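K.L.:
pasting a predicted model and its sequence here:
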Amino acid sequence: MWMPAKKQVRNSKNMNEQRATRKAQPLYSGFTLFEVLITLSILAVILSLLFMTFHQSMIVMADTDDRAEVIQQGRLILERVAGDLKGATLFPRREGAPGFRSGLVGRSTKEGLDFMDRLDFTTVTQLSSSSTEKAWGLGEVGYYLDHQPGMNGLTLFRRQDDALDGDLTRGGRSLSVCDRVRSLSFSYFDLDGKKVKEWNSLEGERKGQLPFRVEVHLRLEDSRGQVHDFRTHVFLPAVS
C-alpha cells in the first residue's frame with residue numbers, strides 16, 4: 001500500500017520511540033536495599049519487644065510460684081509444730097519412778113534481729129516405725145535451727161526421740177524440715193497472760209508447769225531473698 005513519504009517517516013519515528021521506551025523500562029519490579037533494611041529494623045524492634053514481654057511474664061510467673069510454694073511450706077510447718085504442741089504432756093516426777101523426765105524446755109538465742117530459738121518437750125506423737133500401721137505414744141519432740149552443708153541460710157530441724165530418758169533435750173533422730181529459714185521464735189504465756197521468751201518445766205520458778213499458750217513466729221526466705229512471716233498461737237491442752 002502506498003503512503004506519502006512524510007507519513008512513512010512519522011510512523012517509523014513513532015515505532016522507534018516505542019522500542020526505546022520499552023527498553024528503558026525494567027524487566028521486573030522489587031524492593032530496594034534501603035527498603036529491606038528498614039523492614040528488618042522494624043521486625044527486630046517488634047521481636048525485641050515481644051521477647052522482653054515474654055521474659056517479664058516468665059519472671060513474674062516464677063516469682064508467683066516461688067512465693068506460693070514458700071507460703072504453703074510455712075503454713076504446713078506451723079501446722080506441724082502446732083499439732084505437736086497440742087499433745088504436750090507433763091507427768092509429775094515421783095520418787096522411785098523410772099528415770100525419765102517430761103515437760104517443756106524453751107531456750108532463746110538471738111543473732112542480730114533474728115531469733116534462733118529451740119524448743120523441746122514431751123508430747124503424744126506418732127512413733128517412728130517401719131510398719132504401715134500408725135502407732136501413737138509418748139515421745140520427745142524438738143525444733144531448732146542449724147546450718148546444713150550445701151543449703152542456703154539456716155535449716156529447721158525436727159528431733160524425735162521415742163525412748164523417754166532423763167534428758168529432755170537430746171537423743172533420737174533429727175530430720176531437716178525446711179531450709180532458707182531466717183528466724184524461729186517461740187514466746188510463752190502463763191495463765192495471767194505474762195509473756196516470756198524462755199520456759200523450763202524441769203526446774204526454776206516454772207518447775208512442773210506448762211505454758212498456757214505458745215506463740216510461734218517463723219520467717220522464711222524465697223529464692224529472690226524476700227522474707228515471709230508466719231505466726232500462730234497454740235493453746236496447750238492443759239496447764240499443770
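P.N.:
Cool, the structure landed. Residues are numbered from 1 along each chain as shown.
K.L.:
from here on, just use CA atoms for contacts and neighbour counts.
P.N.:
OK.
K.L.:
show me what the longest strand anywhere in the chain is packed up against.
P.N.:
Assignment by DSSP state E gives strand 173-189 as the longest strand of the chain. Strand 173-189 is packed against strand 114-115, strand 154-161, strand 195-196, strand 213-221, with contacts defined by 3 or more CA pairs under 8 Å, 6 or more residues apart in numbering; DSSP states H and E.
K.L.:
what helix or strand does the residue nearest the centre of the chain sit in?
P.N.:
For the chain, Val70 is the residue whose C-alpha lies nearest the centre (CA atoms, centre = their mean; 2.6 Å). With elements taken from DSSP states H and E, the one containing Val70 is helix 33-86.
K.L.:
picking that back up, the residue nearest to the centre of the chain contacts Asp222, doesn't it?
P.N.:
Yes - in terms of CA atoms under 8 Å, Val70 counts as a neighbour of Asp222; the distance is 6.3 Å.
K.L.:
low pLDDT regions in this protein?
P.N.:
Of all residues in the chain, those with pLDDT under 70 make up the ranges 1-30, 92-99, 128-134, 150-152, 238-240.
K.L.:
mind running it again at 80?
P.N.:
The model of the chain has pLDDT under 80 over residues 1-31, 54-65, 91-101, 126-136, 148-153, 163-166, 238-240.
K.L.:
ranking the helices and strands packed on strand 173-189 by burial, who's on top?
P.N.:
strand 154-161 (a mean of 22; mean count of other CA atoms under 10 Å).
K.L.:
who does it pair with, and is each partner parallel or antiparallel?
P.N.:
strand 136-146 (antiparallel), strand 173-189 (antiparallel) (DSSP bridges).
K.L.:
reformat these as JSON lines; add distance to Pro211 and mean neighbour count.
P.N.:
Converted to JSON lines, the strands paired with strand 154-161 look like this (distance: least, CA to CA, whole Å; neighbours: other CA atoms under 10 Å):
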{"stretch": "strand 136-146", "distance to Pro211": "16", "mean neighbour count": "21"}
{"stretch": "strand 173-189", "distance to Pro211": "6", "mean neighbour count": "19"}
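K.L.:
any chance of TSV for the ones you listed, columns distance to Asp162?
P.N.:
Putting the strands paired with strand 154-161 into TSV (distance: least, CA to CA, whole Å) gives the following:
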stretch	distance to Asp162
strand 136-146	5
strand 173-189	9
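K.L.:
for Leu33, find the nearest of the ones you listed.
P.N.:
Closest approach to Leu33 among those (CA to CA): strand 173-189, 57.2 Å.
K.L.:
run the angle between the closest one and helix 33-86 for me.
P.N.:
Strand 173-189 runs at 70 degrees relative to helix 33-86, counting by axes from the mean of the first three to the mean of the last three CA atoms, to 10 degrees.
K.L.:
between strand 213-221 and strand 173-189, find me the angle.
P.N.:
120 degrees.
K.L.:
closest one to Lys110 among the strands paired with strand 154-161?
P.N.:
Of all the strands paired with strand 154-161, it is strand 173-189 that lies closest to Lys110, at 9.0 Å by CA to CA.
K.L.:
just to revisit the earlier point, out of the helices and strands packed on strand 173-189, which is closest to Ser41?
P.N.:
From the helices and strands packed on strand 173-189, taking CA to CA, the stretch that ends up closest is strand 213-221, at 43.2 Å.
K.L.:
that closest one pairs with which strands, and in what direction?
P.N.:
The pairing partners recorded for strand 213-221 under DSSP bridges are strand 173-189 (antiparallel), strand 227-235 (antiparallel).
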